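[1] 3D model of this:
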Amino acid sequence: MKQKYSDRFLSIAEVCEMVGCSRSTVFRKEDVGDFPPRRKLGNQAGPRGRVVYLESEVLAWMHSRMPVQPPFLLPPRRGHEIHDA
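    Next up is the predicted model:
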């Protein structure tokens with residue numbers, strides 16, 4: 001069975017909106033290896049070539065930054081408290 005491929009190209013503006021950082025913060029993190037690298041599309045030389053990020057890499061980076069937390073537990077409802085016997 002063929003696997004469906006659904007990765008999208010994201011512009012820097014889309015990346016900034018997704019991760020909640022400014023362009024300069026994204027570029028700074030990328031420069032020190034703390035963010036997925038940009039990809040240049042096509043053979044266009046010079047500054048006018050289109051540069052994109054892969055959505056799957058950005059999402060993986062976001063998930064790797066999420067803190068591990070214990071599950072959220074609600075306190076017992078009134079009258080349903082647990083009592084030791």
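[2] remind me what the helix or strand of the chain with the lowest mean pLDDT packs against, helices and strands.
    When the helices and strands of the chain are compared on mean pLDDT, DSSP states H and E, strand 39-40 comes out lowest with a mean of 89. If contacts are counted by 3 or more CB pairs under 8 Å, 6 or more residues apart in numbering; DSSP states H and E, strand 39-40 sits against strand 51-54. Where C-beta positions appear, they are placed from N, C-alpha and C, glycine not excepted.
[3] what segments of this protein are helices?
    Assigned by DSSP state H, the helices in the chain fall at 12-19, 23-31, 55-65.
[4] quick revisit: pull the residues that contact the least confident helix or strand of the chain.
    Outside strand 39-40, the residues that touch it by CB atoms under 8 Å, 6 or more residues apart in numbering are 9, 49-54.
[5] ok, now stretch 62-69?
    By CB under 8 Å, 6+ apart, stretch 62-69 touches 18-19.
[6] same question for that stretch, mean pLDDT?
    The predicted model assigns stretch 62-69 a mean pLDDT of 81.
[7] distance from that stretch to the middle of the chain?
    10 Å (CA atoms, centre = their mean, to the nearest Å).
[8] low pLDDT regions in the protein?
    Along the chain, segments meeting pLDDT under 70 span 1-6, 44-48, 69-74, 76, 79-85.
[9] packed most tightly, which of the helices of the chain would that be?
    Of the helices of the chain, the one with the most neighbours on average (mean count of other CB atoms under 10 Å) is helix 12-19, at a mean of 15.
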